[in-house]
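Trainee: Sequence and predicted structure, then a few things I'm wondering about:
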Amino acid sequence: MEYGAIDLHTKESQIRIVASDGRVVLDQRIATRRDRFTWLFGERPAMRILLETGTESEWVAQHLESLGHEVVVADPNYSPMYGERTRRIKTDKRDVAALAEANRREIYRPAHRVSAAQRDVRRRLRIRTHLVGMRRQVISVMRAHLRAEGLRLRSGAADSMLARYRKMDVPAALQEIFAPLLEMLETLEPLIRQADQWAKQQAARDPVTARLTTAPGVGPIVALSFRATLDDVTRFSDAGHVTSYLGLVPRESSSGDRRCRGGITKAGPGHMRTLLLQAAWTVWRTPSGSAALHAWVRRLGERRGRKVAVVGLARRLARILFAMWRDGHLFQPTRLTRITVAA
């Protein structure tokens, strides 16, 4: 049997194929295109091919699987996979040689491959995030220019910004300068509303996300993002595994009698972490969603400070959402109250 490895890059990729005894069958560089992968692998006997997870990995894996090969998308953080490779001399040929040997010896850790449905949700949410970011940048620029003229734009929601601006007495010269920015905002607003409407409908249709939105501070965007980020709840052994994956656990450097813990690791998907923090701030501001969680984070804030308390609540929300998804339950405030009192 032959074993393949690909050191994947955007324009060109290094390919290596070895036999079961370690003999090099092929070592070649090709353009990262479907037709070139078909040319190289299309007529070869079925083999196991190893490549690292990355932006290009999923479409390459799917294409190679359509050619009849077994594909392993590996976690690049698994250091034993690279054997004796040294960073002092790093080349694509050395990398692909290490991957080929790891494939032959089965020294790798497969990465999770997101389902097609959740990949589509992720794309839609990323586009919405980009649109919202563009709107935020335009509003920030306009606020800065208005302040430079001694004018203040009244605070309010981003979607009401145009209405608030039009009530201001802005000099004609500045209005002319703002014209392209206003046109951009007018274009972005319906696109963002459309994305929000899709998110609302999608969250209501999916049983998992509909359940998650019953948690305090969690709306359609947070629920859909949590669902798409984790993808498969069974791949996490417990809630601690989830919070570690989301980078919401403290850094630690301990040895012997010394124990040192710092801020959160911030590992994993940063966008999901940001959304959980936003949800936590919502709970901090109002007790309407859950009086027990609101009281808990307020008490923690009195002891440790507001920012530390909100991060702690974001971690707790991640654990709650995981448990709701795993157990198939709606949010239960009474159960939370019992746990909080007991703690």
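Mentor: Great, that's in hand.

Trainee: element containing residue 27, please.
Mentor: Secondary structure from DSSP states H and E places residue 27 in strand 24-31.

Trainee: avg pLDDT for that strand?
Mentor: Strand 24-31 shows a mean pLDDT of 96 in the predicted model.

Trainee: Then stretch 241-251?
Mentor: 94.

Trainee: what do you get for stretch 174-185?
Mentor: Stretch 174-185 comes out at a mean pLDDT of 96.

Trainee: Make 37 the starting number, not 1.
Mentor: Understood, numbering begins at 37; the last thing we discussed is stretch 210-221.

Trainee: tell me which residues in it are buried?
Mentor: 210, 214, 217-218, 221 (16 or more other C-beta atoms under 10 Å). Bear in mind the C-beta positions are built from the backbone N, C-alpha and C, glycine included.

Trainee: Kindly report the same for stretch 268-275.
Mentor: 269, 272, 275.

Trainee: Just give the nearest non-adjacent residue to the first one, would you?
Mentor: Put plainly, it is residue 269. Leaving out its chain neighbours, the residue that sits closest to residue 269 by C-beta to C-beta, 6 or more residues apart in numbering is residue 361, at 4.9 Å.

Trainee: ok, so what distance separates the residue nearest to the spatial centre of the chain from residue 281?
Mentor: Central residue of the chain (C-alpha atoms, centre = their mean): residue 305, 3.5 Å from the mean position. Per C-beta to C-beta, to the nearest Å, residue 305 is found 8 Å from residue 281.

Trainee: next one: residue 180
Mentor: Residue 180 is 38 Å from residue 281, by C-beta to C-beta.

Trainee: Residue 190 too?
Mentor: 41 Å.

Trainee: More neighbours: the two, which one.
Mentor: residue 281 (19 against 10; other C-beta atoms under 10 Å).

Trainee: and that one, what does it touch?
Mentor: 266, 272, 303-304 (C-beta atoms under 8 Å, 6 or more residues apart in numbering).

Trainee: So among those residues, which ones count as buried?
Mentor: 266, 272.

Trainee: Would you map the strands across the stretch 37-186 of the chain?
Mentor: Counting by DSSP state E, counting those that start in this stretch, the stretch 37-186 of the chain has strands at residues 38-43, 48-55, 60-67, 84-88, 106-110.

Trainee: need the helices for this structure, in chain order.
Mentor: Assigned by DSSP state H, the helices in the chain fall at 70-77, 93-102, 128-141, 152-184, 197-202, 208-241, 243-248, 256-266, 275-281, 306-321, 327-340, 342-363, 369-378.

Trainee: gap between residue 96 and residue 347?
Mentor: 37 Å.

Trainee: That should have said residue 317, apologies.
Mentor: From residue 317 to residue 347 the distance is 10 Å (C-beta to C-beta).

Trainee: Between these two, which is the more surrounded one?
Mentor: Just comparing residue 317 and residue 347: by other C-beta under 10 Å the higher neighbour count belongs to residue 347, 21 against 15.

Trainee: Do I have it right that that one meets residue 302?
Mentor: No: judged on C-beta atoms under 8 Å, residue 347 makes no contact with residue 302 at a distance of 10.4 Å.

Trainee: Might you report the residue contacts of the nearest residue to the residue nearest to the centre of the chain once chain neighbours are set aside?
Mentor: Nearest residue to residue 305, sequence neighbours excluded (C-beta to C-beta, 6+ apart): residue 265, at 5.3 Å. Shown in contact with residue 265 (C-beta under 8 Å, 6+ apart): 282, 305, 308.

Trainee: Could you pull up the contacting residues of residue 67?
Mentor: 47-49.

Trainee: Just grab the bridge partners of it for me.
Mentor: In this entry, residue 67 is beta-bridged to residue 48, by DSSP bridges.

Trainee: domains in the protein, as residue ranges please.
Mentor: The chain is divided into the following domains under automatic domain parsing: 38-141, 152-241, 245-378.

Trainee: Good, we can wrap up now.
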